[in-house]
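Engineer: I'll drop the sequence and a predicted model, then ask my questions.
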Amino acid sequence: MTNRTFDADGVTLEQVREHVWEIPRTGDMRVPARVLASEALLEEISDDKTLEQLQNTTHLPGIANYAICMPDGHQGYGFPVGGVGAMDVETGCISPGSVGYDINCGVRMMRTSLTYSDLQDREEELVDSLFANIPSGLGGGGIVDGDVDTVEEILARGVDWALEHGHAVEDDLLHCEDEGMREEADPSKVSQKAKDRGKNQIGSLGSGNHFLEVQRVTDVFDAAVGEAYGLEEDQIVVLIHCGSRGLGHQTCNDYLRKIEQQHRGLLDKLPDKELAAAPAGSQLAEDYYGAMNAAINFAWVNRQVIMHRVRKVFERVFDRSWEDMEMELLYDVAHNIAKKEYHEVDVGPDGTPAVGDEVVGREERELYVHRKGATRAFPAGHPEVPKAYRDVGQPVIIPGSMGAGNYVLRGGENSMELTFGSTAHGAGRLMSRTQAKNEYWGGDVQQQLRDQDQIYVKAQSGATVAEEAPGVYKDVDEVVGVSDALGIGDKVARTFPVCNIKG
DNA sequence: ATGTGC
């Protein structure tokens, strides 16, 4: 039996098995590339430069096993959004473009004890109140009006800073990756310019695909895991999607420029200068890792401060205490990060990552796991899964479009073997922002969501609504179906929007 | 994503 193939523009993928497609090594590719997708999604993925970019990433030094594109993949800056690349910490590299401009863009979900009926006929009031109290849109203005010293502390301490300043409770830290603080953060490696941009953006959503959404749980697919996550049908939850704002953007930019200047030799060997990478062990690799971890802490504080403000908004609207409404953080996931983690990789005679004929065995290696538009999805039993969820696997939160709904998954049994413990991060764009604005008119999109689905959307800019219209996204059910079928992230629950605010 | 650019 011959395997099926898929011909895209300039590249042929071979099907390894259902939902697993491989671009074999040719030329200077260090490893093969894999796309995890149904044929329909692969068709969409092959529409833009995603596959070419994915192939390019296999040229990065020290990349292990294979470069991976998730079912929601689309083109990004150098490295595809929906991409995972794991590079050896001793012999590989770290690459800002493979983390993304929005360092620690991510999602958190907060539970409540409210049900959909508690909200009905209150939607307008709630969406207005959220919009009035949660800063959004481009530019400055956050919930906390900080100075550079505040930013320094946030960069070093993450959510611990929020706890000290009344924007968090102890329990919030226990339900966040790394308890909301990367120890390896080095605020001194974040530029003054980045800190200046961050100081008036503490607690702000930003623009683009960032949003805050009140949702109702429509389905619980796995009763036991649903119970462990505290989710049941008809329950109201709140989803917050945002990142590190101008601070992270500036940090990414700063290091891209430094790498271009200081590591020209490596850059000239790469097929795309947007993949600029600092060689493992170099001063710049260490500096970027310290700065990136600091920006990660900033983004966690950003989501934390927003979430805590949402509690206060609900208190005013429903005239009950947030504790009484059981507004507890379910989990916070980062989907634009690099992290040092240990994974089993194919190694050559010198013990470093290898492929093909050079492979002599499999060993645990420490890797910079780059997840850009990809979510960590560690399975049950993994020591890095917080205690509350260790028996069932870590929660994975997958936002769909504002008209389609969202998923909660749990890290699957096969994720460590197949994807360095990762799965998708969302529905994934189908078309560019420019194209979206030609196809849709914000006001019409808003009206339709309101009339057809009782979804209340409020935005700073109509253009943003057009850019984020449901039709510009892939089918989130299809994306999640692939994750579930591969056993990298299993379906637990589905939610549907009620109120949505955005930039 | 982004005080919407290389």
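Structural biologist: Structure's in. What do you need? Quantities reported herein were computed from a predicted structural model and do not represent experimental measurements.

Engineer: I'd assumed residue A:498 was in a helix, is it?
Structural biologist: No. Counting by DSSP: H, G, I helix; E, B strand; the rest coil, residue A:498 falls outside a helix, being strand.

Engineer: can you tell me the helix or strand for the closest residue to DNA strand B within chain A?
Structural biologist: As assessed by CB to the nearest atom of the strand, DNA strand B sits closest to residue A:208 within chain A, at 2.1 Å. Backbone N, C-alpha and C define where each C-beta goes, glycine included. When elements are assigned from DSSP states H and E, residue A:208 belongs to no helix and no strand.

Engineer: Who are the contact partners of it?
Structural biologist: A:433, A:464, A:467-468, A:503 (CB atoms under 8 Å, 6 or more residues apart in numbering).

Engineer: ok, now with 10 Å
Structural biologist: Residues near residue A:208 by CB atoms under 10 Å, 6 or more residues apart in numbering: A:102, A:105, A:138, A:241-243, A:433, A:464, A:467-468, A:502-503.

Engineer: Likewise for residue A:464?
Structural biologist: Residue A:464 touches A:136-138, A:207-211, A:433, A:436-437, A:442, A:502-503, counting by CB under 10 Å, 6+ apart.

Engineer: ditto for residue A:87
Structural biologist: Here residue A:87 is in contact with A:30, A:57, A:60-64, A:93-95, A:98, A:277, A:279-280, A:285, A:338, A:353, A:365, A:367-370 (criterion: CB under 10 Å, 6+ apart).

Engineer: and it, helix, strand or coil?
Structural biologist: strand.

Engineer: Then residue A:59?
Structural biologist: Assignment for residue A:59 (three-state DSSP): coil.

Engineer: Roughly how far does it sit from residue A:31?
Structural biologist: Per CB to CB, to the nearest Å, residue A:59 is found 9 Å from residue A:31.

Engineer: Quick check: neighbours shared by those two?
Structural biologist: Shared contacts of residue A:59 and residue A:31, defined by CB under 10 Å, 6+ apart, are found at residue A:67.

Engineer: More neighbours: the two, which one.
Structural biologist: Taking other CB atoms under 10 Å, residue A:59 and residue A:31 do not tie; residue A:31 has more neighbours (24 against 19).

Engineer: Which of the helices or strands spans residue A:22?
Structural biologist: Short version, using DSSP H and E: residue A:22 is in strand A:20-23.

Engineer: what mean pLDDT would you report for that strand?
Structural biologist: Mean pLDDT, computed over strand A:20-23, is 98.

Engineer: for stretch A:28-38, same thing?
Structural biologist: The model assigns stretch A:28-38 a mean pLDDT of 97.

Engineer: Could you work out the end-to-end span of that stretch for me?
Structural biologist: 28 Å (CA to CA, to the nearest Å).

Engineer: Quick check: buried residues in that stretch?
Structural biologist: A:29-38 (16 or more other CB atoms under 10 Å).

Engineer: In a markdown table, list the residues you listed along with distance to DNA strand B.
Structural biologist: Listed next are the buried residues of stretch A:28-38 as a markdown table, based on distance: CB to the nearest atom of the strand, whole Å:
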| residue | distance to DNA strand B |
| --- | --- |
| A:29 | 25 |
| A:30 | 26 |
| A:31 | 27 |
| A:32 | 28 |
| A:33 | 23 |
| A:34 | 24 |
| A:35 | 21 |
| A:36 | 21 |
| A:37 | 20 |
| A:38 | 23 |
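
Engineer: tell me the two of the residues you listed that are most distant?
Structural biologist: Farthest-apart pair in these is A:30 and A:38; separation 27.5 Å (CB to CB).

Engineer: got a list of what residue A:342 touches?
Structural biologist: With CB under 10 Å, 6+ apart, residue A:342 has these contacts: A:89, A:363-367, A:369.

Engineer: And residue A:388, how far from residue A:174?
Structural biologist: 7 Å.

Engineer: So between these two, which is more surrounded?
Structural biologist: Shown here are residue A:388 and residue A:174; by other CB under 10 Å, residue A:388 has more neighbours (17 against 13).

Engineer: Would you double-check that the more buried one falls in a helix?
Structural biologist: Yes. Counting by three-state DSSP, residue A:388 is found in a helix.

Engineer: Just the buried residues of the contacts of residue A:208.
Structural biologist: The buried subset of these - by 16+ other CB under 10 Å - is A:102, A:105, A:241-243, A:464, A:467-468, A:502-503.

Engineer: Quick check: strands, which of those are part of them?
Structural biologist: A:241-242, A:502 (DSSP state E).

Engineer: any chance of the residues you listed in JSON lines, with distance to DNA strand B and pLDDT too?
Structural biologist: Formatted as JSON lines, those follow (distance: CB to the nearest atom of the strand, whole Å; pLDDT from 0 to 100):
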{"residue": "A:241", "distance to DNA strand B": "9", "pLDDT": "98"}
{"residue": "A:242", "distance to DNA strand B": "7", "pLDDT": "98"}
{"residue": "A:502", "distance to DNA strand B": "9", "pLDDT": "96"}
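
Engineer: which residue packs closest to the most centrally placed residue in chain A, ignoring adjacent ones?
Structural biologist: With distances taken as CA atoms, centre = their mean, the residue of chain A nearest its centroid is residue A:335 (2.0 Å). Once flanking residues are discounted, residue A:335 sits nearest to residue A:425: 3.9 Å by CB to CB, 6 or more residues apart in numbering.

Engineer: Same check on residue A:160?
Structural biologist: residue A:181 (5.6 Å).

Engineer: residues in contact with residue A:230?
Structural biologist: Contacts of residue A:230 by CB under 10 Å, 6+ apart are A:111, A:113, A:237, A:326, A:328, A:330, A:388.

Engineer: quick one: it and residue A:172, what's the gap?
Structural biologist: 14 Å.

Engineer: next one: residue A:386
Structural biologist: Taken as CB to CB, the span from residue A:386 to residue A:172 is 12 Å.

Engineer: Mind listing the shared neighbours of those two?
Structural biologist: residue A:179.

Engineer: Just the buried residues of the contacts of residue A:342.
Structural biologist: Those of the contacts of residue A:342 that meet the buried threshold are A:89, A:365, A:367, A:369, by 16+ other CB under 10 Å.

Engineer: Can you report how many residues neighbour residue A:98?
Structural biologist: There are 30 residues near residue A:98, going by other CB under 10 Å.

Engineer: With residue A:410 instead?
Structural biologist: Residue A:410, neighbours per other CB under 10 Å, totals 25.

Engineer: That one pairs with what?
Structural biologist: residue A:395, residue A:490 (DSSP bridges).

Engineer: Flag every buried residue along the least confident helix or strand in chain A by mean pLDDT.
Structural biologist: Counting by mean pLDDT, DSSP states H and E, chain A has its least confident helix or strand at helix A:433-439, which shows a mean of 93. Residues of helix A:433-439 classed as buried by neighbour count (16+ other CB under 10 Å): A:436-437.

Engineer: which other residues reach that helix?
Structural biologist: A:208-209, A:429-432, A:445, A:462-469, A:471-473.

Engineer: Quick check: closest non-adjacent residue to residue A:332.
Structural biologist: residue A:108 (3.8 Å).

Engineer: Checking my notes, that neighbour in a strand, right?
Structural biologist: Yes. Residue A:108: assigned to a strand according to three-state DSSP.

Engineer: DNA strand B contacts on the stretch 251-400 of chain A?
Structural biologist: Within the stretch 251-400 of chain A, no position lies close to DNA strand B (CB under 7 Å from any atom of the strand).
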